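pasting a predicted model and its sequence here:
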Amino acid sequence: MEKQDGISKWQRELMSFKGIKSTFIIEGNINDQYFMENPENGDVSFDNLNETLNQIFNPSEAEEYDLVFCDPLFGFSDPLNHGKEALLALAGRYQEIAKKQREETQALNGNNTSGDGQISEIIRAVITRPDTVSNAKPVAVVFNFASRLVSSPDRLVSDETTMFLNLLFASKNAIRVGSNIKTLLLVVDKFNDIPAWFYLNNPNVRTVSIPNPDRAVREAFVSNYFSDLASDNPAIVRIKNKFIDMTEGMKLLELDELRRLYQKSKVPVEEITDTVSIYKFGFKENKWEAMRDKINEDISSAMRKRVKGQEQAIEKISRIIKRSVTGLSGMQHSSSGNKPRGIMFLAGPTGTGKTEIVKTVAELLFGDEKALIRFDMSEYTAEHADQKLFGAPPGYTGYDKGGQLTNAVKTNPFSVILFDEIEKAHTSIMDKFLQILEDGRMTDGQGNTVYFSETLIFFTSNAGISEEVCDTQGRVIERKMIVAPGSSYDEIQDKVEVALKTKFKPEVLNRIGKNIIVFNYITEDATSEILHKQLENIIQGVARKSKVEIKIKETAIQYLMGRCLEKDTQENGGRGIGNVVESEFINPLAEYIFDSNVKPNNVITVSSANKKIIFERQG
């Protein structure tokens, strides 16, 4: 909320243009409490929006404005408790003005004015006509729930159009009273909830956004309402600072609920930060603390068992995981308590183990690679694909189902998330990811806040390795390799980093930082390891299922190795090796077992001659 000198930026903005602009549209965090400090005596208050607007428009005992409140449900109301008689006198006077104007002009609404239309008609009359009362103050009309005035701002029905024409007329023709101007304040969820023609190119309108409270405001609230943290003891100060950091993105009303939760739980002040986890996730358990005991085995060794030839990548991933498990990720940032546990961007040639290493990490941390939440981003290329992940907005198909990503994290807040081939996703999705990467939170289509602060997030990409070649009609006809097998690791890394800067916005890459991990092409030594591992799996599988022993001679291994080192195979990495083993070994082996009527306890010897695999049965 950017509190400076006892007042927030949005409040200063209203004060600066009060009396100058006839119309304000206020959006954003409109249902919260707001910090304000009295400059005369230093008193601090946290009030709702109606009370805060009253303080802004009437900052001293010499009130400058008559503040009138209304909404589509109750019409004119008295939220500040001025008293029924005062309200009736005020509203009656304004209604009398509206009645006189309606008689003179027949109004724009015709003879069958709806309730909302009557309200807008009164507002129009109040703001555009001189007051009949001597020494009258200018009026400021606060129209709450203005987002609910229309069903769709782009498809207004006749009554809705008339209503906003009334308000537009009032905005453009507001009367000045002394040095101030009669004022209309529309309080909306977001600016585009009302028709754009109302405020675009209208110099009388000022749009004001209310953000969530910043750290200074949250600190002021905690200092005023969390008595157990009001201490100069260094240990308590450290707990207080951590608590404030962990509440990044929360509203003051949520902080007040946290206070009540803390009081209800009756835990010692040293455990107050646990209430943040309970508030966010519904339970206190921190699985990351338990993981330190589960991964006593060297992390790098566990990854090397499943991914071959990626030493640079494995070492870097290992360091980041250790940082994540110990909770030190992003500690240099003030909002580190809310950022994801770790963010890694794995880039490089296809089939080199990027996805496999993420599965390994999920199994290492949670004991099962199925704990991985995986999204194939090639399924999210359409313009509105972000709705599949984060949920459709109200009124759209699928709104009641929520988002695939937000639902998954809501169900399992402690998880590893993989966004595979992220370069294929629509750009709108990357814009949404900014909030997750920065704040560790996302509001889904239903308005629920989902926290990502306990997740480990992976992106994978093949960007920078090849490029599409298209014909004159824009159809892809081939893929041209940018870097080929045999290129040095430094060359691959440089090409990938250049491609990522072209493909993704700087603000996305800045949030990922130095956690871009480039994978190399599979080397000859790694190819040999992978080939031997796959052949071993086949031998064990045949022995287990068919009770047949397979002996592979060196000539067969050398032939398969030669096929695996061919350029086309190397460009496809581990998948290319698997394809060679399938076409050159598994398929002919299956045919031989079937055609030769191989029985249990038979032995098959595998060799090679004349550039093909040869099988011989014994027994």
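Looks like it arrived, so ask away.

shouldn't residue 308 be within a strand?
No - under the criterion used here (DSSP: H, G, I helix; E, B strand; the rest coil), residue 308 is coil, not part of a strand.

now do it against residue 480, distance only.
27 Å (CB to CB, to the nearest Å). Where C-beta positions appear, they are placed from N, C-alpha and C, glycine not excepted.

where in the stretch 101-250 of the chain is pLDDT low?
Per-residue confidence of the stretch 101-250 of the chain (counting by pLDDT under 70) places the weak regions at 101-117, 132-135.

just the strands in it please.
139-143, 176-177, 180-181, 183-187, 205-210 (DSSP state E, counting those that start in this stretch).

so for residue 308 and residue 480, which sits in the more crowded spot?
In this view residue 308 and residue 480 are compared by other CB atoms under 10 Å, and residue 308 has more residues nearby, 23 against 8.

among the strands of the stretch 101-250 of the chain, which comes closest to residue 442?
Residue 442 lies closest to strand 205-210 among the strands of the stretch 101-250 of the chain, at 19.0 Å (CB to CB).

can I get that closest one as PDB, trimmed to CA atoms?
As requested, the backbone C-alpha atoms of strand 205-210 are provided in PDB (Å, rounded to 0.1, in the frame of the first residue of the first chain):
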ATOM      1  CA  VAL A 205     -12.600  11.000 -14.200                       C
ATOM      2  CA  ARG A 206      -9.700   9.900 -12.100                       C
ATOM      3  CA  THR A 207      -9.100   6.100 -11.600                       C
ATOM      4  CA  VAL A 208      -7.600   5.000  -8.300                       C
ATOM      5  CA  SER A 209      -6.300   1.500  -7.500                       C
ATOM      6  CA  ILE A 210      -6.100   0.300  -3.900                       C
END
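
look up how far residue 352 lies from the closest residue in space to residue 424 that isn't next to it in sequence.
Nearest residue to residue 424 in three dimensions, chain neighbours excluded: residue 378, at 4.5 Å (CB to CB, 6 or more residues apart in numbering). Counting by CB to CB, the gap from residue 378 to residue 352 is 18 Å.

tell me which of those two has more neighbours.
Counted by other CB under 10 Å, residue 378 and residue 352 do not tie: residue 352 has more neighbours, with 27 against 12.

show me what contacts the more buried one?
309-310, 519-522, 573-574 (CB atoms under 8 Å, 6 or more residues apart in numbering).

pLDDT wise, what is it at?
What the model reports as pLDDT for residue 352 is 88.

quick one on the thing from earlier: which pair in the contacts of residue 352 spans the largest distance?
Pairwise distances across the contacts of residue 352 peak at 12.4 Å for 520 and 574 (criterion: CB to CB).

residue 360 contacts residue 308, correct?
No - using CB atoms under 8 Å, residue 360 is not in contact with residue 308; the gap is 12.0 Å.

for the stretch 301-450 of the chain, what spans make up the helices?
Counting by DSSP state H, counting those that start in this stretch, one finds helices in the stretch 301-450 of the chain at the ranges 311-325, 354-366, 386-390, 404-411, 427-439.

by contact count, what packs against the shortest one?
Right, the one you point to is helix 386-390. Under the contact criterion of 3 or more CB pairs under 8 Å, 6 or more residues apart in numbering; DSSP states H and E, helix 386-390 touches helix 404-411, helix 427-439.

quick one: that helix to chain centroid distance?
10 Å (CA atoms, centre = their mean, to the nearest Å).

now do stretch 198-213
The chain centre lies 25 Å from the centre of stretch 198-213; the measure is CA atoms, centre = their mean.

circling back: the helices and strands packed on helix 386-390: which one's closest to residue 604?
helix 404-411 (45.8 Å).

which residues touch the residue nearest to residue 306 when sequence neighbours are not counted?
Leaving out its chain neighbours, the residue that sits closest to residue 306 by CB to CB, 6+ apart is residue 360, at 5.0 Å. Shown in contact with residue 360 (CB under 8 Å, 6+ apart): 302-303, 305-307, 369.

what of residue 308?
353, 522, 526, 529-530, 533.

rewinding a little: can I get the strands of the stretch 101-250 of the chain in JSON lines with mean neighbour count and distance to residue 279?
Formatted as JSON lines, the strands of the stretch 101-250 of the chain follow (neighbours: other CB atoms under 10 Å; distance: least, CB to CB, whole Å):
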{"stretch": "strand 139-143", "mean neighbour count": "24", "distance to residue 279": "31"}
{"stretch": "strand 176-177", "mean neighbour count": "16", "distance to residue 279": "47"}
{"stretch": "strand 180-181", "mean neighbour count": "18", "distance to residue 279": "43"}
{"stretch": "strand 183-187", "mean neighbour count": "25", "distance to residue 279": "27"}
{"stretch": "strand 205-210", "mean neighbour count": "18", "distance to residue 279": "22"}
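
want to throw those into a markdown table with distance to residue 51?
Below are these laid out as a markdown table (distance: least, CB to CB, whole Å):
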| stretch | distance to residue 51 |
| --- | --- |
| strand 139-143 | 11 |
| strand 176-177 | 23 |
| strand 180-181 | 20 |
| strand 183-187 | 13 |
| strand 205-210 | 14 |
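
of these, give the one that comes closest to residue 15.
Among those, strand 205-210 comes nearest to residue 15, with 10.9 Å by CB to CB.

what sits up against that closest one?
1, 10, 13-14, 17, 21-30, 32, 34, 171, 191, 198-199.

in PyMOL, select just the buried ones from the residues you listed.
Buried residues within those, by 16 or more other CB atoms under 10 Å, are selected in PyMOL with:
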select buried, resi 1+10+13+14+21+22+23+24+25+26+27+28+29+30+32+34+171+191+198+199
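
show me where the stretch 501-619 of the chain has strands.
Going by DSSP E, counting those that start in this stretch, the stretch 501-619 of the chain shows strands at 516-518, 549-552, 603-609, 612-618.

just name the most buried of these.
Burial of the strands of the stretch 501-619 of the chain is given as mean neighbour count (mean count of other CB atoms under 10 Å); strand 516-518 ranks first at a mean of 22.

sheet partners, orientation included, of that one?
Note on strand 516-518: by DSSP bridges, its sheet partners are strand 342-347 (parallel).

pull the distance from stretch 540-557 to the chain's centre.
Centre-to-centre, stretch 540-557 and its host chain are 50 Å apart (CA atoms, centre = their mean).

kindly apply the preceding question to stretch 478-489 instead.
34 Å.

and that stretch, which residues are buried?
Per 16+ other CB under 10 Å, stretch 478-489 contains these buried residues: 482-483, 485, 487, 489.

what about the nearest residue to residue 351 once chain neighbours are set aside, how many neighbours?
Spatial nearest neighbour of residue 351, chain neighbours left out: residue 573 (2.5 Å); criterion: CB to CB, 6+ apart. Neighbourhood size, residue 573 [other CB under 10 Å]: 25.

also residue 426?
16.

also the one 5 residues further on?
The tally of other residues near residue 431 (other CB under 10 Å) stands at 13.

ok, now residue 361?
Residues near residue 361, counting by other CB under 10 Å, number 28.

the nearest residue to it once chain neighbours are set aside: what's it in contact with?
Spatial nearest neighbour of residue 361, excluding adjacent residues (CB to CB, 6+ apart): residue 416 at 6.0 Å. Contact analysis of residue 416 by CB under 8 Å, 6+ apart lists 358, 361-362, 365-366, 371-373, 455-456, 458.

what pLDDT does the nearest residue to residue 607 once chain neighbours are set aside get?
Leaving aside its sequence neighbours, residue 607 sits nearest to residue 553 (CB to CB, 6+ apart; 4.4 Å). Residue 553 is assigned a predicted lDDT (pLDDT) of 93.
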